[in-house]
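Enquirer: Need a 3D model of the following:
(one chain, ligands or ions: 1)
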Amino acid sequence: MNNSFYITTPIYYPSGKPHLGHAYCTLACDALARFNRLEGKNVLFATGTDEHGQKIQQKADELKITPQEYVDNMRKDFKTLTPLMNFSNDDFISTTEERHKKAAQEMWKRLEKAGYIYKSTYSGWYCVSDEAYFTEEELVDGKSPDSGNPVEWMEEDSYFFKLSAFTDKLLEFYEQNPDFIQPEIRRNEIISFVKQGLQDISISRSKFNWGVPVPGDEKHVMYVWIDALTNYLTVAGFPEKDITEFWPANAHVVGKDIARFHCIYWPAMLIAADIPTPKTVFVHGHWVAEDGRKMSKSLGNVIDPYEVVEQFGQDQLRLYLLSAITFGGDGSFSRDAFIAKSNSYLANDLGNLFQRVLSFAHKNFDGKIPALGELTDEDKAFLANFEGLADRVKAQMDDYKINSAIEEIWTCVRAANKYMEEQHPWTYKKEDPAKCGHILRVLMESFKFLACLTEPFIPTGAAKLANQLGYEKLTLADLNELISLQEGKEFDKPEGVFARIQIEEA
Ligand code: MSP
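Expert: Predicted coordinates:
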């Protein structure tokens, strides 16, 4: 059985600071990567930056620096998202790295050798900021339909990829690989788009030179997609290493605006180059501001992940983004909903539960794990919640239902709170210390499930909870036995993990 799991984020354009949308996409991948690591899989989780193109060249020119200096500088902000959000990416690829130039050129050569690349002339209305051509009909008031920015008529020599040869092949491919495009709604959209027939795509430019040179024709640089999409192969070791350890990738997670490139261009290129296709492209939605409008600097409604983390906390932001919406759908960022979720899920339900039980147990049982007596029917009914919990969470995660996975866990967090209230161990402290210890111990056994399974979503806090129970690190293997803590083992005096967010009065 192949025990590897390779997951990727899109590579981000480093032409501005990273925003909530970038953080979200990497976060979803991080949760999936972390869950697969808990399962004991050999995980490769990659993110990075897409550093070529005319827009980058223009920005560098404005600043009177080289494009390389510009991207070297801008990339830093994307790299700091990793510590900010506690991302666990194993690689960070930049398309200006040598390893990637080699991979993109090799990809080009394979496509050319297979007869899928030809040279012709390209013309159309070009928008520099979007790096895209539009047809006359697509323009809105003579401007780009995407950004509203001005367009100019351009004609140039260009190489083309024979995408038109793939209409039927792709339809057959989607048919044979029903999990390739997820969720279903995106799959249906892509299939109906492909059914209309595909046109060849332009894959080189000669009007600027900030890109990977086209092999054998140095006047041209690759234009966007062969360069950008091949990054996923570069990370897997293409073309120099044996890529079979991690390729084909398990999942490319992408936003809906770039679904077509990943669901149409990419499999077509891979089929053309005779390289295996990834298992899944998962398409997620977009976050908009609280008022439902697109976040934009001019509207002043951009949500900055750095500010949110600094003000409210990292696990708080992670949990909100992952649980507030169905993975795949759109979301609007609500400050009130964010604070309410942080306080109820983290401070009250989970944080208070651990703190109350562990500090009481630490104080009254000499800092040692109390003994377990005979399990009562109530204990058994409570613990039954945790039997199969890891499998239930796994089923949701394997199905990309991240928010449902979180709900599975919180159903059990709530069950633990209910059990604690109903059994009120503190009332037996004097008259029946053994019973008091027994109830605390039952709760502590349930805690190892919670500390372990919340890790993919709130890794910093979950690691602290695991440490409080005396574990250096928990994995799903630690959950095989319902009862497994060691009686008499010392544990540290706990400290509160999730602070309550105080809502300041206006
Ligand atoms: N460089 C290309 C991707 C190449 S992948 C081979 C690109 N970069 S991007 O920086 O513009 O966007 C990267 C990702 O961020 C996309 O998946 C996009 O959907 C996502 N998001 C941008 N804004 C977003 C939101 N407001 N919400 C959620 N995701 C958003 O496209």
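
Enquirer: In terms of helices and strands, where is Lys76?
Expert: Taking DSSP states H and E as the definition, Lys76 sits inside helix 67-79.

Enquirer: Over to the residue of the stretch 201-350 of the chain found nearest the ligand: give its phi and psi.
Expert: Closest residue of the stretch 201-350 of the chain to the ligand, CB to the nearest ligand atom: Gly255 (1.6 Å). From N, CA and C alone the C-beta is placed, and that goes for glycine too. Phi and psi for Gly255, reported as degrees, to the nearest 10, are phi -80, psi 160.

Enquirer: any residue of the host helix or strand of Thr8 up close to the ligand?
Expert: Assessed by DSSP H and E, Thr8 sits inside strand 4-12. Yes. Contact of strand 4-12 with the ligand (CB under 6 Å from any ligand atom) involves Pro10, Ile11, Tyr12.

Enquirer: So Tyr118 lies in a strand, does it not?
Expert: Yes. Tyr118 forms part of a strand when assessed by DSSP: H, G, I helix; E, B strand; the rest coil.

Enquirer: coming back round to it: pull up the pairing partners for the strand holding Thr8, direction included.
Expert: strand 42-49 (parallel), strand 251-255 (parallel) (DSSP bridges).

Enquirer: Specify the stretch among these that is closest to Glu245.
Expert: Comparing those by their distance to Glu245 (CB to CB), the top pick is strand 42-49, with 7.8 Å.

Enquirer: Show the subsequent helix or strand relative to that closest one.
Expert: helix 54-63.

Enquirer: ok and that next one relative to helix 67-79, angle-wise?
Expert: For helix 54-63 against helix 67-79, the angle by axes from the mean of the first three to the mean of the last three CA atoms, to 10 degrees is 110 degrees.

Enquirer: What are the buried residues along the helix or strand following the helix holding Lys76?
Expert: Next along the chain after helix 67-79, taking DSSP H and E as the criterion, comes helix 81-85. Across helix 81-85, burial judged by 16 or more other CB atoms under 10 Å covers Leu81, Leu84, Met85.

Enquirer: Using CSV, lay out those together with distance to Val413 and pLDDT.
Expert: Compiled in CSV, those are given as follows (distance: CB to CB, whole Å; pLDDT from 0 to 100):
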residue, distance to Val413, pLDDT
Leu81, 28, 97
Leu84, 26, 97
Met85, 23, 98
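
Enquirer: ok, those vs the ligand, which is closest?
Expert: Distances from the ligand to the buried residues of helix 81-85, taken by CB to the nearest ligand atom, are shortest for Leu81, at 11.8 Å.

Enquirer: does Asn490 really touch Gly367, like I thought?
Expert: I think there's a mix-up here, since residue 490 is Glu and not Asn. Yes. Judged on CB atoms under 8 Å, Glu490 makes contact with Gly367 at a distance of 5.3 Å.

Enquirer: hmm, back to that, any residues touching the helix holding Lys76, and which ones?
Expert: Helix 67-79 is contacted by residues 12, 14-18, 22, 47-49, 51, 56-57, 59-60, 63, 92, 94, 96, 210 when judged by CB atoms under 8 Å, 6 or more residues apart in numbering.

Enquirer: if you set the cut-off to 7 Å instead, what comes out?
Expert: With CB atoms under 7 Å, 6 or more residues apart in numbering as the test, helix 67-79 has contacts from 12, 14-15, 17-18, 49, 51, 56-57, 59-60, 63, 92, 94, 96, 210.

Enquirer: so, in contact with the ligand or not, that helix?
Expert: No. Figure legend: helix 67-79 not in contact with the ligand (CB under 6 Å from any ligand atom); closest approach 9.1 Å.

Enquirer: Can we start the residue count at 3 from this point?
Expert: Done: numbering now begins at 3, and the last item shifts to helix 69-81.

Enquirer: Now do the buried residues in that helix.
Expert: Pro69, Tyr72, Val73, Met76, Arg77, Asp79, Phe80, Lys81.

Enquirer: Export the buried residues of helix 83-87 to JSON lines and append columns for distance to the ligand.
Expert: Supplementary listing: the buried residues of helix 83-87 in JSON lines, determined by distance: CB to the nearest ligand atom, whole Å:
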{"residue": "Leu83", "distance to the ligand": "12"}
{"residue": "Leu86", "distance to the ligand": "16"}
{"residue": "Met87", "distance to the ligand": "14"}
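
Enquirer: what number of residues lie near Pro217?
Expert: 15 (other CB atoms under 10 Å).

Enquirer: show me where pLDDT drops low in the stretch 303-452 of the chain?
Expert: Low-confidence segments of the stretch 303-452 of the chain (pLDDT under 70): none present.

Enquirer: Up against the ligand, what does it have?
Expert: Counting by CB under 6 Å from any ligand atom, the stretch 303-452 of the chain has no residue next to the ligand.

Enquirer: Alright, calling it a day.
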